[in-house]
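S.K.: Below is the sequence, then the predicted model.
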Amino acid sequence: MAKGKYFRGASRRSILQQFGAAAVGISFAGGLAACGKGGGGRKVNFYNWDTYIGETTLADFQAATGVSVEMSLFATNDELFARLRAGNPGFDVIVPSNEFVTRMSQAQMIQELDRAKIPNFANLLPEFQDAAFDPGRRYSMPYTWLVLGIGYRKDKMRNGEVPNSWRYLFDSPQYAGRIALLSESADLMRLCAKYKGHSVNNIPDAMLTEIEQMLIRQKPNIKAFHEDDGQDMLASGEVDIVLEYNGDIAQLMAGEGGDAFGFVVPQEGTLINSDCLCIPTGAPNPDDAHAFINYLLDGEAGKKITETILYPTPNAAARELMPDGYKNNGVIFPAADLMAKSEYGAFEGDERSRLYEEIFTRINAA
């Protein structure tokens, strides 16, 4: 299953949720379902988000190297972390998001990469060749990056306004009953802090109390806390304004009737995420894992991935091959002044993660 024309509007998580937990066991080799077919020869076991690969990428890699790829799917970073916490069950390459790269490296769940085996590192944009969450790129290579913002139905915005503040989602009754927020507790807390003029990191306890009270006040105006299928709710008309990732709304806008929708990064700035390629500790095929990561960083391979999933690419060689309609798309690549106000969320320890979850539970139950 590839994100693109066959699944236009489907998020990287939503398809797993449609099919339930059994979908985690689905494997793909060469882009085709291969459930229960072990086969011989060299193989890379790839643990990825759903709908997050080019339509022919796995088959192309096998054709180029003779190494097949079996791709299994996870739905959240928490699920990925839990699956590997007790030990690697056999994965060679995984795709954690930025703060989970930090968390997993600290827990010795991922191994240092051999840069000599990843010469396509040179294809990366300079700003992605290092990362605060992984200094020196010891443990990760960037796969995509993404930002959270507000997707909206243009004809439902009053007087044609652009909802360019987090206020519309977090602190206003203006679109009562027509609002959907992402159910990721940490992201929600951080974006509320950004709305209040604070960094997304090191949020004081007093501000977290204010955020909890604000969202409890806002709760009657919220239609749903969605599981990263907000673009589907927007497309169906179930809601008019939604917290979602830019790539998901870009896909919606690129589809039939896409002119009806808009996306904006609020004026206060936003949260940046980056999904990364890592090799888990105990990977059975580390050499082929390095070769697969190197292949995904190839310019032409990266182009095929990017034109399918429509997320921002950190790969300069791939971006150069993309059409101007992609490179100049303000949804995919937000304006520099907005990006300057935006930040990555840092892993601040398990205790802080649990606190965010507890606050969200109370909000959800209010």
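M.R.: Looks like it came in fine.
S.K.: And the closest residue to residue 187 other than its chain neighbours, its phi and psi?
M.R.: The shortest distance from residue 187 to any residue that is not its chain neighbour, by CB to CB, 6 or more residues apart in numbering, is 5.9 Å, and that residue is residue 271. Heads up, the C-betas are built off the backbone N, CA and C, glycines and all. According to degrees, to the nearest 10, the main-chain angles of residue 271 amount to phi -100, psi 130.
S.K.: same deal with the one 5 residues further on?
M.R.: Backbone torsions for residue 276, taken as degrees, to the nearest 10, come to phi -130, psi 150.
S.K.: That one: what's it in contact with?
M.R.: Residue 276 sits next to 95-98, 101, 134, 140-143 when contact means CB atoms under 8 Å, 6 or more residues apart in numbering.
S.K.: So for it, what's the pLDDT?
M.R.: Reading off the confidence values, residue 276 has pLDDT 98.
S.K.: Over to the one 5 residues further on?
M.R.: Residue-level confidence at residue 281 comes out at 98, pLDDT.
S.K.: residues contacting it?
M.R.: Applying CB under 8 Å, 6+ apart, we find residue 281 in contact with 88, 108-111.
S.K.: Now the buried members of those residues.
M.R.: If you count burial by 16 or more other CB atoms under 10 Å, the buried members of the contacts of residue 281 come out as 88, 109-111.
S.K.: Which of those fall in strands?
M.R.: When those are checked against strands using DSSP state E, none is located there.
S.K.: Return the closest of those residues with respect to residue 341.
M.R.: Checking the buried ones among the contacts of residue 281 against residue 341 with CB to CB, the nearest one is residue 110 at 30.6 Å.
S.K.: wait, that closest one sits on residue 102?
M.R.: No: with contact defined as CB atoms under 8 Å, residue 110 does not reach residue 102; the gap is 10.2 Å.
S.K.: can you list the domains in the chain?
M.R.: Structurally, the chain divides into domains by automatic domain parsing as follows: 5-145+274-327, 146-272+334-365.
S.K.: which one of those has the lowest average pLDDT?
M.R.: Between the domains of the chain, the lowest average pLDDT goes to domain 5-145+274-327, which shows a mean of 84.
S.K.: gap between that one and the chain center?
M.R.: On the basis of CA atoms, centre = their mean, to the nearest Å, the separation between the geometric centre of domain 5-145+274-327 and that of its chain is 12 Å.
S.K.: circling back to that earlier point, may I see the contacts of residue 276 organised as TSV, with neighbour count and secondary structure added?
M.R.: Putting the contacts of residue 276 into TSV (neighbours: other CB atoms under 10 Å; DSSP: H, G, I helix; E, B strand; the rest coil) gives the following:
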residue	neighbour count	secondary structure
95	23	coil
96	29	coil
97	22	strand
98	24	helix
101	27	helix
134	21	coil
140	27	coil
141	26	strand
142	24	strand
143	28	strand
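S.K.: Residue 169: which of those is nearest?
M.R.: Looking across the contacts of residue 276 and measuring by CB to CB, the closest to residue 169 is residue 97, at 21.4 Å.
S.K.: ok, the closest one to residue 104 distance?
M.R.: Applying CB to CB, to the nearest Å, one obtains 10 Å for the distance of residue 97 from residue 104.
S.K.: next one: residue 158
M.R.: Using CB to CB, one gets 45 Å for the distance from residue 158 to residue 104.
S.K.: what about these two, which has more around it?
M.R.: In this comparison of residue 158 against residue 104, neighbours counted by other CB atoms under 10 Å, the higher total goes to residue 104 at 25 against 8.
S.K.: for that one, what are its contacts?
M.R.: Contacts of residue 104 were listed using CB under 8 Å, 6+ apart, and they are 81, 84, 96, 110, 139, 278, 280.
S.K.: what's whichever strand or helix holds residue 357 packed up against?
M.R.: Taking DSSP states H and E as the criterion, residue 357 maps to helix 350-365. Contacts of helix 350-365 with other secondary structure elements, assessed using 3 or more CB pairs under 8 Å, 6 or more residues apart in numbering; DSSP states H and E, are made with helix 185-195, helix 205-218.
S.K.: Mind giving me the packing neighbours of the longest one?
M.R.: Counting contacts by 3+ CB pairs under 8 Å, 6+ apart, helix 205-218 packs against helix 167-170, helix 185-195, helix 350-365.
S.K.: ditto for the shortest one
M.R.: For helix 185-195, the elements it packs on are helix 167-170, helix 205-218, strand 271-277, helix 350-365, judged by 3+ CB pairs under 8 Å, 6+ apart.
S.K.: Would you mind finding the most buried of these?
M.R.: Between the helices and strands packed on helix 185-195, the one whose residues have the most neighbours on average, counting mean count of other CB atoms under 10 Å, is strand 271-277 (a mean of 22).
S.K.: by how many degrees do that strand and helix 185-195 diverge?
M.R.: Using axes from the mean of the first three to the mean of the last three CA atoms, to 10 degrees, the direction of strand 271-277 lies 140 degrees away from that of helix 185-195.
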